[in-house]
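>>> Provided below for reference: sequence and predicted model.
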Amino acid sequence: MTQRVLTGITTTGTPHLGNYVGAIRPAIAASREPGVESFFFLADYHALIKCDEPARIERSRLEIAATWLAAGLDPSRVTFYRQSDIVEIPELTWLLTCVASKGLMNRAHAYKAAVDANLAAGEDVDAGVTMGLFCYPVLMAADILMFNAHRVPVGRDQVQHIEMARDLAQRFNHLFGAGRELFVLPEANVDERVAMLPGLDGRKMSKSYDNTVPLFEGGAKGLRDALARVVTDSRAPGEAKNPDGSHLVSIYEAFASDSEREVFRAALRGGMAWGDAKTQVVERIERDIGPLRERYEELIAHPERIEASLLEGARKARAVTAPFLAELRAAVGLRPMVAVTAPAAAPTRAKLALPTFKQYREADGKFYFKLAAADGRVLLQSAAFESGRDAGQWVAKLKTDGAAAVPDAPVAHGEGVSAQDVADALAALGGYAG
Ligand code: TRP
């Protein structure tokens with residue numbers, strides 16, 4: 001079966017060497033593997049959450065699209081599009097919003113970080129927080145689920161979002177699938193082998209650290225000037241240098257073959273000057289990206305070619321999304337008014353019901369609780385507590401911390417109940433271990 005791989009880049013900045021090595025180059029390489037169907041897109045709706053400067057959004061969309069194309073993405077092999085061209089995505093976002101528990105969204109890292117910063121500054125918890133930021137994970141889930149992607153290559157910081165997409169998919173399947181899996185449960189792909197490119201100061205190359213090397217902007221001179229600022233130690237020309245732990249060496253190795261690496265390391269051990277080493281690094285990188293830069297500049301000079309390619313991508317994407325959204329609309333009850341079936345005598349409430357916690361007191365005078373599935377099956381049974389308050393505190397902890405709280409809780413699993421059953425039930429209640 002073909003694997004669907006999908007990833008997006010938020011269009012708020014100019015691509016740097018770290019984006020190329022960490023995201024664009026591996027994604028394009030993966031798209032050439034057999035049995036893989038790739039979807040790459042410009043996350044321009046996500047960009048609106050972080051940026052209210054129209055000119056910057058416009059410029060970034062152009063630069064990021066030109067970068068993908070110049071880097072060798074073949075739009076006839078992959079589906080390459082703008083998120084904002086796919087009208088089904090905001091519609092699916094709404095369907096998912098209606099099953100997303102607010103408690104789950106409260107735990108999203110980006111929102112939590114904003115709240116923590118507000119608290120630290122003595123501000124109102126939600127100062128400066130838009131509903132866009134709060135619902136960021138739901139829009140991202142729609143991006144992924146709309147195409148039933150199996151794998152989502154992302155950086156570590158995005159893994160929680162993919163887990164939330166899985167939760168929403170599971171919830172939606174359970175409520176509306178009528179036994180079918182409407183959505184594939186996506187998995188995050190964090191490739192540990194992909195070099196984490198250090199920036200000028202040795203920390204991860206990132207716009208937020210202001211330590212980046214531009215990929216194409218500024219031409220070969222821009223590359224040379226930026227790399228001249230990579231921090232090295234103060235060993236003089238002729239002195240032996242240790243290649244291990246040198247950021248310059250790591251940058252070189254993100255482009256070099258095994259034999260080139262050996263030669264470079266040996267030269268440093270033999271006393272090559274840092275200045276000469278930097279010249280070699282510039283030349284090695286330029287050999288790879290010089291030809292791409294020419295294509296990039298050609299594309300930037302012809303935005304209408306990029307536009308045509310993206311519109312063609314949107315057409316291909318919508319051939320997938322339009323029929324699928326029609327199916328999803330029907331699943332939730334938004335159907336044409338023909339042959340309307342009367343609701344079954346038994347209300348469908350049972351299916352919609354969530355798992356529940358029940359607290360009670362036994363004849364022994366002790367307090368207990370249990371977690372029951374919607375169909376009444378006992379998932380967790382507590383030990384006896386001396387006070388109702390103690391029992392209540394464990395219930396609250398399980399609700400907020402989800403599956404993470406189970407190992408320490410004084411509870412036993414019900415007959416034939418797996419840890420995953422319990423984790424799913426707690427996630428549906430809003431508990432989230434992430
Ligand atoms: N949130 C991602 C980022 O900032 C970008 C993104 C949006 C994305 N939608 C996506 C990535 C869907 C993968 C899949 O990096």
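Sure thing, it's come through.

>>> any buried residues in the lengthiest helix in the chain, and which?
In the chain, with assignment by DSSP state H, the single longest helix is helix 303-332. By 16 or more other Cβ atoms under 10 Å, the buried positions in helix 303-332 come out as 306, 309-310, 313-314, 316-318, 320-321, 324-325, 328-329, 331. All C-beta atoms are positioned from the backbone trio N, CA, C, and that covers glycine.

>>> so how far is the helix or strand harbouring R287 off the chain centroid?
Per DSSP states H and E: R287 is located in helix 274-300. The chain centre lies 29 Å from the centre of helix 274-300; the measure is Cα atoms, centre = their mean, to the nearest Å.

>>> quick one on the thing from earlier: and which of the buried residues of helix 303-332 is nearest the ligand?
A317 (13.2 Å; Cβ to the nearest ligand atom).

>>> and stretch 1-17, average pLDDT?
The pLDDT scores in stretch 1-17 average 92.

>>> in stretch 24-33, what's buried?
Result for stretch 24-33 [16+ other Cβ under 10 Å]: buried residues I24, R25, P26, A27, I28, A30, S31.

>>> if I look at M146, how far off is V36?
Counting by Cβ to Cβ, to the nearest Å, the gap from M146 to V36 is 18 Å.

>>> ok, these two, which is more surrounded?
M146 (25 against 16; other Cβ atoms under 10 Å).

>>> with the ligand as the reference, measure out to that one.
Separation of M146 from the ligand (Cβ to the nearest ligand atom, to the nearest Å) stands at 10 Å.

>>> residues in contact with that residue?
Neighbour list for M146: I86, E88, I89, L92, V320, T321, F324, L325 [criterion: Cβ atoms under 8 Å, 6 or more residues apart in numbering].

>>> spit out the contact partners of the first one.
I take that to be I86. M146, A314, A317, R318, T321.

>>> check the residues you listed and tell me the two furthest apart.
Farthest-apart pair in the contacts of I86 is M146 and A314; separation 12.7 Å (Cβ to Cβ).

>>> which residue is the nearest non-sequential neighbour of M272?
Nearest residue to M272, sequence neighbours excluded (Cβ to Cβ, 6 or more residues apart in numbering): K241, at 7.3 Å.

>>> circling back: is the longest helix of the chain anywhere near the ligand?
No - judged by Cβ under 6 Å from any ligand atom, helix 303-332 stays clear of the ligand, getting no closer than 13.2 Å.

>>> what's the answer for stretch 74-87, then?
No - residues of stretch 74-87 are not located near the ligand by Cβ under 6 Å from any ligand atom, the shortest gap being 7.1 Å.

>>> pull the CA atoms of that stretch into PDB?
What follows is stretch 74-87, C-alpha atoms only, in PDB (Å, rounded to 0.1, in the frame of the first residue of the first chain):
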ATOM      1  CA  ASP A  74       9.000  17.700  -8.900                       C
ATOM      2  CA  PRO A  75       5.400  19.000  -8.900                       C
ATOM      3  CA  SER A  76       4.300  16.200 -11.300                       C
ATOM      4  CA  ARG A  77       5.300  13.600  -8.700                       C
ATOM      5  CA  VAL A  78       4.200  15.300  -5.500                       C
ATOM      6  CA  THR A  79       1.100  17.400  -4.700                       C
ATOM      7  CA  PHE A  80       2.500  20.800  -3.900                       C
ATOM      8  CA  TYR A  81      -0.100  23.500  -2.900                       C
ATOM      9  CA  ARG A  82      -1.100  26.400  -0.700                       C
ATOM     10  CA  GLN A  83      -3.200  25.600   2.300                       C
ATOM     11  CA  SER A  84      -5.300  28.600   1.600                       C
ATOM     12  CA  ASP A  85      -6.300  27.300  -1.800                       C
ATOM     13  CA  ILE A  86      -8.000  24.200  -0.300                       C
ATOM     14  CA  VAL A  87     -11.400  25.500   0.800                       C
END
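
>>> which of the residues in it are buried?
P75, V78, T79, F80, Y81, R82, Q83, S84, D85, I86.

>>> repeat for stretch 65-72
A65, A66, T67, W68, L69, A70, A71.

>>> got the contact list for the second one?
When the contact criterion is Cβ under 8 Å, 6+ apart, the partners of A66 are Y296, L299, I300, I306.

>>> and which of those is nearest to the ligand?
I306 (19.6 Å).

>>> you'd agree D233 is up against P243?
No - if you go by Cβ atoms under 8 Å, D233 and P243 don't touch, sitting 11.3 Å apart.

>>> got the contacts of M146 as CSV, with pLDDT columns?
Formatted as CSV, these follow (pLDDT from 0 to 100):
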residue, pLDDT
I86, 98
E88, 98
I89, 98
L92, 98
V320, 97
T321, 98
F324, 98
L325, 98
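
>>> return the member of those nearest to A114.
For the contacts of M146, the nearest to A114 is I89 (23.9 Å; Cβ to Cβ).

>>> OK, contacts around the nearest residue to that closest one once chain neighbours are set aside?
The spatially closest residue to I89, leaving aside those adjacent along the chain, is A142, at 5.2 Å (Cβ to Cβ, 6+ apart). Counting by Cβ under 8 Å, 6+ apart, A142 makes contact with I89, P90, L92, T93, L96.

>>> look up how far V87 lies from A142.
12 Å.

>>> same question for V231.
Relative to V87, V231 is positioned 48 Å away (Cβ to Cβ).

>>> more crowded one of D233 and P243?
More crowded of D233 and P243, by other Cβ under 10 Å: P243, with 18 against 10.

>>> ok, K221 - how many residues close by?
K221, neighbours per other Cβ under 10 Å, totals 9.

>>> can I assume it sits in a helix?
Yes - using DSSP: H, G, I helix; E, B strand; the rest coil, the assignment for K221 is a helix.

>>> for A228, see how far away it is.
From K221 to A228 the distance is 11 Å (Cβ to Cβ).

>>> one more: I285?
From I285 across to A228, the span is 13 Å (Cβ to Cβ).

>>> now G270: how far from the ligand?
G270 sits 42 Å away from the ligand, going by Cβ to the nearest ligand atom.

>>> against S101, how distant is that residue?
Counting by Cβ to Cβ, the gap from G270 to S101 is 62 Å.

>>> repeat that for A65.
Distance of A65 to S101, given as Cβ to Cβ: 36 Å.

>>> same question for D424.
Remark: distance between D424 and S101 (Cβ to Cβ) = 13 Å.

>>> follow-up on the earlier one: in JSON lines: the buried residues of stretch 65-72, plus distance to H161.
Putting the buried residues of stretch 65-72 into JSON lines (distance: Cβ to Cβ, whole Å) gives the following:
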{"residue": "A65", "distance to H161": "23"}
{"residue": "A66", "distance to H161": "26"}
{"residue": "T67", "distance to H161": "23"}
{"residue": "W68", "distance to H161": "21"}
{"residue": "L69", "distance to H161": "26"}
{"residue": "A70", "distance to H161": "28"}
{"residue": "A71", "distance to H161": "24"}
